[in-house]
Every structure is written in structure tokens, then in C-alpha cells.
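S.K.: need coordinates for the following:
(chains A and B)
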Amino acid sequence: MEAGEDFGPWLARQLKLADMTQTELALAVDVTRAAVSAWITGRATPRPEAIERIARALNTDLATVHTRTTDTQAGLPVGWYHRPGHADGGRELGNAAAFAFDADVSVLARETCQNSLDERLTANGQPVRVRYTLHELTGEDLARFREVIQWDDLYPHYEAVREQKQKVGRVVDAGLRDMYERDRLVLLRVDDYNAAGLTGDDYDDGRFAAVVRRQLDSHKSGSTAGGSYGLGKATLWATSRLGLVLINSTLSEPHEGRTERRLVGRLDLPWRRVNGEACAGPAWLGRPDPDSPGAGVARSWWADEETVESLHLTRESAEPGTSFLIVGAHDVASLAEETAVPDGDEGEDDDSIQRMHHRLVRALGKNFWAAMTGGGDRLPLLEASVRTLRNGVVVVPEERVDPTVAQPSRTRALKAFLDGTTVERLTETGQVAAVEVPLSLPVQGGGRTSFGEHRAVLLVTHAEDADGKPNRVVTMRGNRMTVRDTAVPGLPLVVNPFQAVLLAGTAAGPQAPFAAEAEEFLRAAEPPEHNKWGQTEELTLTYSTSAYRRINGLTRETNAAIKTLVARPKKGTKQGGGRLAPKLTIGSGKRRRLSAVSMPVLEELDAQVLEGGAWQVIGEIRIPPGGHEWRLVPVAKFDVRSGPRPTIEWAEVAGVNNCQVVDGVLRFSDGARSAAFRGVTDPTTHAVRASLSGLVVELRTGAGELS
Amino acid sequence: MKVFPYPRLRGTVSLRVDSARVKAPAQPREQLDSRARSVIERAVALGAAETEDWETAVLTVSATIPSKATDPTGPWSEVVVVAVLTDRTTNTRVTSTLARETEDGRDWCGELQVLRSDIHDRAVLTVQVIATVDGVPGRIVGEAAEDWIVDVRSDVPTREQSFDIKEVGFTKGPRWLQGFSEAPWIVNASGTVPTVHINTDFEGMADVLGAEGRGPEGLVNAMLVSQMAAEVWTAVFHSAIGDLEIEDDGTPLFPHGWQGEVLREMLPDVVPERTLEDALREVHRRRVGATGWTELQPRIQYAAMRRAEVPRVLSETVRGLDKLNREDEA
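M.R.: Sure, this is the predicted structure:
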């Protein structure tokens, strides 16, 4: 028989959940207490008839006892636990970590993807797959979802927070109004696969506690990890207007003998008083823990498939990883900027799911093109996709984020590096040049002595239009996230547009000297925003107060190396004449535009070949103010590649609008700003048949106009 | 304004030179650094090659054309994209068919071979889209909006051209200069490139030309340089206008090379408020006609003066002198 968990530990937990002693079970099942104890310790297994009685005693069905893949429903049901107010009356009116970020899906994309990268299972060499699902619920589906998350219990808390005139109160208010007035709720789900999952105990050190229970705990797996502040996860809650995130995790290493469907919900609200009781802030959705005082604290539970489904938390496979469901997701930044997204079939509003979809795709491409690039024998570190649903129906189909679309030239550069196809100097478009740039590393613990010289890798290739601004250098370390994106200063104006990528630390490849040390050094120099390397407290504490200067050195070396690759060295004037030479140049493109031409100009020419082989043209003329006094002659010629053009005679020229023709000369009406004439050529004067050549029509001044 | 008796492509045709290499007999070919090409100036400087006496060069050309061209429902069939290199000085025209790169028919790529001896100094590279229209094969339906320059002499990829400046002693120099041994400089605008000959035998000439700064020497230098430049521009204008190709009906054509460039840059000042073509016709009419040529001279002088920045330099010199005087008094 397929069984989820060993019988002993499972039974022990069910007793605990049901608040039942071994003696009580022994009485109910009609065995000795020693027999129950033997089952729990695994020394014996119950006979089938005993299992039947156990099922009855635990108030569950036989199958649950046999399969043991979920907990029984015995004991206290899943519900919300709100942390009681502090005994000292202290109040926290918001989460500082969440305020550190904008509630913006592109920030969310950056932080969550980074966390998934950090938690990637590296042993199998496969990428971590991250999938974003935007799901809008309305009507029935919304009502059903509210029921499942026990909305009626939560609502008084939201009401209380809404009353407070604080930042969080206003956000919650907007979220509630969006839900009630427009009858919709946006769920944003972030799934990762081939990641560690939320392992570890509910309360003790481990990934689960770091994410669900604690603030600012950075529980990271490797030395190349992106985050080091534990701030990133706060963006999950910051993205929810309702401060509510539900979690389903499949663990990479079993906890309590299980891996699949570990569920928990966390609500982040400020201090509030509900029904006369003060709540400190956070609340958890889970099963009451009988070990906690008064069995009040909610802990994660192992849910059945049905519950997971109703919470919109079903994962596509048993591959380890975590799903975060952000309830009431919103996107502040999109309110400000944004152009229209490609033809949405319905009205786009500021918070529309289509718009959030496109912003997510763009943000992922922009920040993670490098992690999504593979080459040589190395697979990409990350695969990401976005899809959008409404009430379970696909609105925007799943879209895989393609780095070659988002950042074509930078992706080409990195791929060439991984493939080992870089060149030393650029000769052809499409090539990638690679050079080494030194970074001198300091010793830890202060002092000016150097520990060693790391060789970072600089890649330069020609820019494509899709990359955005050209002539920039993007900097990254082992996690392959863009840390800096800066313009290269002091370049000549005529340099061929390029993009450069600087790979430092472990990103520079396994053969780079002191890669691990450089990685550690640069990570210390990275602030929470992950947007530059420079002076940080950690850098000062671990190294010295002047350690950041070494990064300036790296920047200098990088810019110098780029210049040698792309800019021509300045050379002295080879010819004499001192300052005369620059005055004697032509064709520099600085040619003056004609200033205020007062002559009428031919603006539009409508021409066709008539049956007799003649050209008939209707010319529209624009006349500048005061230009009506010009006497102009329309002239027709055949177009030739070079040399003199054969002239064609007119058979007939006539004014159509605002002009008369006298002796072949146009006379414009007084004050006219536009005019039109009609002309038909004389085919006997054609050097070639009309259908074989282009026709040139010009307006020419009569003689003696210049005084 | 041009019209054609068949449908032409709308939208932009663009080209880019992706690489360049040169080859001399019995020597390995040399791949030129990407710095010998400028995407911004749209120029290739084959003179940047280190191989001396190279005889052939191969350019990789890629073109982007509107995808409408290859749309089977459109009016064009059997679409071909060719790279065309022309040098009007040597009357050379070299073409090469590009191959379709992408499914959507937008990107085309191919190589073009250039013989060093075919090109005097600069050739113009463009791309044409050829198709069969209404059963007529070989019609040009589109052409690149912006061409490239292939320069076989220069080592800097730029569209800018400089006149030549030669410093020589006139007394012992070429025979024709010996007659001018008392002149500080002579402008000769009759050769392939206008040349300023500076007489190093003229005492102090080298010092004044090399002077810099805001002192008296610097002021004299600025005045002298702008004076020389004005003379050069007057000379090149006359040289350029003096040798025009004329159509049947007497319309002058813009010359190619530096002459055309000089006329385009100066004509707006010589004959203001007119289109370039009309201004050229007017100047030509006066030069060959019975009247008006003498009256036009002040306008040519004015255009040359502006081009040489004489007014600006003179006011700066006056201010500089003023300042020097005040400093002397203080």
C-alpha cells in the first residue's frame, strides 16, 4: 500500500493535533497504552481492525489512516491567528522593510526572481523555473475564494486598519474599494520549481521560519547569493494591498516525513484593536499548534489536494519549490508611466492585468537576461514565464521571457563568453571582444595591504536598437544580476554604438583568479537596492574604510579598457598649417539648412502615364508668405543615374488652383498660400517610353530675378 | 520631385558595412579593426589597413528593407537586393547581390569586392532593391536613404574632407612656386584637392602660424588664419563653379566630389532665399551670360568670409587688443 508517512510519527502528530493522550486513544481503540506507545515508536504496527477503530477515534476515514498523506481533520480547524498586542502597549504601524520598496511589479519581479535564483537546487545543473501568474477573480469565483480564506474573520481587522489614517490604512482602503466596488481581486502567484522550498521547522532556524516568521532574516544558501539583508521577501507583502500572502511549498528535504503541500498564510497589517482585543500586527493562517500556549499559534499544515486547489495554490508537479500567492496585487509604478500595450482586446486601466503582465515580462528581461542566458556546456540559471488568467480562463497566454529579445547584444556578449567564442579585438559586426580587467582585493579586517588581484572579464559588442541606450556598461557578479548600468564617460561622439558587460567575481568563470574572494568583497559592497557597488557599512566593517576605492579602480580600468577597444586613439594633425586646417574642412554634416526660403516649392506631385504615352502631372505648390510674386516655370525631365537629364516638352500646362499659366510661366494669385497646376508632356519629345523611366518635375525661376 | 510609372517601396531601406578586409598579393589577408568603420558617420576607412599595397578589399554589407517588398500579395516579385559601389571620378560601378538572411525578408547580407585601382579616393556605397513590376524585370523599387562612403586612402572613417596644406620653401621648391617666392602663401584650387602652399622661406611665417594663446602673437595668428581661409574659400568657389556639366536646356548640374560640397555649403550665402538647384542655375547664368557676374562678386566674398568666420575672429581680436591695452596701462 502506498503510504505517505511512517505510521508512528503520523499518529503522534494526530494525537497532538486532536489534543488526545496515548491513554485516551488506548481506551478508545480498546488496547493497552503500551500498544499505542509501541505504534508510535514504530516497534509495532496496528492490525487492520485496530486501524479501523483508530480512524473512528480520530474522527476520520480509513483511507486517511492508510495513506497518511494528510493530517486528519481532528482537533482544531485551520484558521487565522493574530499575534496579540505587545504587553507594553507598543504599536507597530507598518513594516519598515516593506516601505523600503515601491509596490511595483518590476521590483517584485527582481526580488522574487533573485530569491529563487539563490534557492536554486544546484546539484542537478538545471535552471530554476519561475512562473508568474496573474489571475483576476470576479463574481462567483471571487466569492468562493473569499470563503476559503475565511474572509469574514479577516474583515473586521481590515475595517479597523482602514479607520487608521496611516499609509497602510489608505492602501488597505484602496484595496477593499477595488474589491467591493469593482468586484474584482487580482491574485499574483509566483512559483518556482527546482528550488529548495520552505524547509525547516515552523519556528527554528531554517528557510520556512526565515520567510514566514521573521523579518530581516537572510537565510541564504550560497556565497554567491544575491540578497544579504532579508529585505526582498517584504516585497511580496508590499505588493499586496491587503498585506496577504498565501504559501504552498514543496520541500527539497522532508520535514515531518513529508515534502508536498506545506501550506501557510501570512497577513501583514499594522497594530489594531478588534473586538476589544489589541493585535500586534502579523497574523497567520494555519492549524493551531497544540504545543503553543493556549493552542493559539497557527502553524503550517499539510493540506489535501482539494484545499490547495480551492486556494489557487496547486503546483504543476512534485518538483520542489514554493508558490507565493499575493492576494490583491497592485502596481503603483504603472500608474505614473507606461505607454499602451499591444492591442488589448479590452479596455486597459491603470491596474489592468494585461499591463501588469507586460511590465513583468519587461522587468524580467531587463534584470535577468544574464541569468537566463546559457552557453557552452552550461544551461541558463533561470527560466521565467508570465501568464494571465481571469476566473481560470487564459487572457494572455504563457509567455516565456526571452533574453535575446529583451537584451539582444548583451545576451550575445554573455553567450559568446560562455561558448568561448570571444575575440581579442572587434573586426566584424556581431563579434564579442573579451578583455580582462584587474580588481585588487584588500585583506579582511582592515589595513591597506592587498590580498590578491582578481581578473574580471569585460565583454564588448555592437549595440542593437532593442537594447535601449547604447554605449553603456552593465556590471554583475556570480548571481548574474545587473548591479550597475552606467554610461561610459569621455567617449568621442563618433564611436560605433556598443554595449559592454563586466563579469566580476564568480561570474568571471572558474579559471579567474580569486573569484570567490572577489565575489565576497563585491557582495559586501552591494547595498539593499542591489544597484551599485560602493561604500557600505558591511564593507567598512569587514574590510576597511577605504576599501571602496578599489571599486573605483575597477570602474576606471573598465572604462579605459572599453575606450581602447572602441575609440580611435587621438593623433596629432599630420599636416601643417596649425589652426588653419580645421577651417578648411567640408562635408562635416554641419551644412546650414536654407534659411527661410521665400520661393514657392513643389510639395506634391501626382502623376500618371496617359494612353498616348504622355505623362500627366498635377503639381501642388506651397507658397511662403509674400512668395506669390515669383514667376516660376515647371520643367519636366527624365530621371537618369548620372549626367545630363533629357528634357521633355510640355504639350499643355494649365493652372488648376490659385494660378494661371502665361507663356508657360506660373502666375500665382495674390496672397495665395498654395496653388496647383496640371501639365501633360508631349510624347514626341520623350527620349524613351514614359513607362520605362522616372520623371523629374522641377520649378525653375524665370530670368533675371536676382537683384 | 520624382515620380515613377510603377509602384515603389515606401519605408526605409538602410545598409551597414559589417566588416572589411584587404588583401595584397602573396600576403595573408588582413581583417580591419571595427574602428576603421563608423556606423555613425557611415564611412569605411580602408586606409587604416596595415597591409601596404593591398589590391583588393572585401566588404560585408547588410541591408534592411521593408518586409512589404517580399510580400507575395504585393506588386513586386523576384525581389533582389544589390549593393552598389560607385566612384564617379573613375566612373566605376561595382555591384553585388545580397542574400536573404531572415524569413521575413527584411535582412539581406553579402560581400562586395573592391579593386583598389578602381577607386580614386572615395566611393559611395548604397543598396538598391530590384524587382519585377507589372511584368517588367529589373526595376529599381527602392534605394537606401543614406549611403556609405568607402575611402581607400583615409585612415579615419569620416565623411569630413580636408583641403591639403603643404609647408614648403618657395625659393627652392617646385618651379611654379619659385615665381611666388615673396608671397607668404598661395592657394591652388585646380588639382584633385585644393591645396594651400605655405612659404616656409617667408620670414616669421612659421612662427605666426604656430602661435597660440591670447597674447599679441595669438591674435595675429587668428586674424591670419581666417584671412587665409577666406582666400581659400573664394578660390575653391570659383574653381567649383567654373567647370560644370550642363544639360540640354542649359541647366547646370552639381558636380561630385569636393566641388559639389563646396557649392552646397556656400550657395545659400551667395544666393539666399532660393533652393540650391535654383541658386546654382542663377550663378551659372551670370557667369556665362552677358551681365551680372561682376555684381555677384561681393556675395561670393561675403560667403567666403562667413565660411572662414572672419567677422567672429575680427571682433574677438578687437576685444583681445582692447584687453591687452588695458593690461598695459594697469
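S.K.: which residues in the stretch 351-500 of chain A form helices?
M.R.: A:353-368, A:403-406, A:408-419 (DSSP state H, counting those that start in this stretch).
S.K.: same question for the stretch 51-200 of chain A.
M.R.: Using DSSP H, counting those that start in this stretch, helices in the stretch 51-200 of chain A cover A:62-67, A:96-99, A:105-118, A:139-148, A:151-163, A:167-181.
S.K.: just say which of the ones you listed is most tucked in.
M.R.: helix A:105-118 (a mean of 25; mean count of other CB atoms under 10 Å in any protein chain shown). Where you see a C-beta, it was placed from the backbone N, CA and C, and this is true even at glycine.
S.K.: who does that one touch, helix- and strand-wise?
M.R.: Counting contacts by 3 or more CB pairs under 8 Å, 6 or more residues apart in numbering or on different chains; DSSP states H and E, helix A:105-118 packs against strand A:128-138, strand A:184-193, helix A:234-239, strand A:321-329, helix A:333-336, helix A:353-368, strand A:382-390.
S.K.: for B:Gly173, which of the ones you listed is the nearest?
M.R.: Ranking those by proximity to B:Gly173 (CB to CB) places helix A:353-368 first, at 64.2 Å.
S.K.: name the helix or strand of chain A that has the lowest mean pLDDT.
M.R.: helix A:333-336 (a mean of 50; mean pLDDT, DSSP states H and E).
S.K.: tell me the contacts of A:Ala26?
M.R.: A:Thr32, A:Arg33, A:Ala35, A:Val36 (CB atoms under 8 Å, 6 or more residues apart in numbering or on different chains).
S.K.: can you report phi and psi for the third one?
M.R.: What that stands for is A:Ala35. With angles defined as degrees, to the nearest 10, A:Ala35 sits at phi -70, psi -40.
S.K.: so it is in contact with A:Thr41, correct?
M.R.: No. Using CB atoms under 8 Å, A:Ala35 is not in contact with A:Thr41; the gap is 11.0 Å.
S.K.: higher neighbour count, the two?
M.R.: A:Ala35 (18 against 11; other CB atoms under 10 Å in any protein chain shown).
S.K.: ok, back up a step: weakest of the helices of the stretch 51-200 of chain A by average pLDDT?
M.R.: Within the helices of the stretch 51-200 of chain A, confidence is poorest for helix A:96-99, with a mean of 63 (mean pLDDT).
S.K.: returning to what we had before: want to throw the helices and strands packed on helix A:105-118 into a markdown table with mean neighbour count and distance to A:Gly265?
M.R.: Listed next are the helices and strands packed on helix A:105-118 as a markdown table, based on neighbours: other CB atoms under 10 Å in any protein chain shown; distance: least, CB to CB, whole Å:
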| stretch | mean neighbour count | distance to A:Gly265 |
| --- | --- | --- |
| strand A:128-138 | 23 | 16 |
| strand A:184-193 | 24 | 13 |
| helix A:234-239 | 25 | 11 |
| strand A:321-329 | 26 | 9 |
| helix A:333-336 | 13 | 26 |
| helix A:353-368 | 23 | 22 |
| strand A:382-390 | 23 | 21 |
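S.K.: which of those has the lowest average pLDDT?
M.R.: helix A:333-336 - the lowest mean pLDDT of the helices and strands packed on helix A:105-118, at a mean of 50.
S.K.: and the lengthiest helix in chain B, what does it pack onto?
M.R.: Criterion DSSP state H: the longest helix present in chain B is helix B:216-241. When contacts are defined as 3+ CB pairs under 8 Å, 6+ apart, helix B:216-241 packs onto strand B:185-188, helix B:205-210, helix B:257-270, helix B:276-288, helix B:293-307, helix B:310-329.
S.K.: so which bits of that helix are buried?
M.R.: Buried positions in helix B:216-241, judged by neighbour count with 16 or more other CB atoms under 10 Å in any protein chain shown: B:218-237, B:239-241.
S.K.: so after that helix, what's the next helix or strand?
M.R.: Downstream of helix B:216-241, the first helix or strand assigned by DSSP states H and E is strand B:245-246.
S.K.: what residues does that following strand touch?
M.R.: Contacts of strand B:245-246 (CB under 8 Å, 6+ apart): A:Gly643, A:Pro644, B:Pro252, B:Leu253, B:Pro255, B:His284.
S.K.: neighbours of the closest residue to the fourth one other than its chain neighbours, how many?
M.R.: Pointing back at B:Leu253 there. Closest residue in space to B:Leu253, ignoring its immediate chain neighbours: B:Glu245 at 4.6 Å, by CB to CB, 6 or more residues apart in numbering or on different chains. B:Glu245 has 13 neighbouring residues, counting by other CB under 10 Å.
S.K.: with B:Asp201 instead?
M.R.: 16.
S.K.: who are the neighbours in contact with it?
M.R.: So B:Asp201 contacts B:Gly169, B:Phe170, B:Thr171, B:Lys172, B:Ser181 (CB under 8 Å, 6+ apart).
S.K.: what angle sits between the longest helix of chain B and helix B:310-329?
M.R.: Orientation check (axes from the mean of the first three to the mean of the last three CA atoms, to 10 degrees): helix B:216-241 against helix B:310-329 gives 170 degrees.
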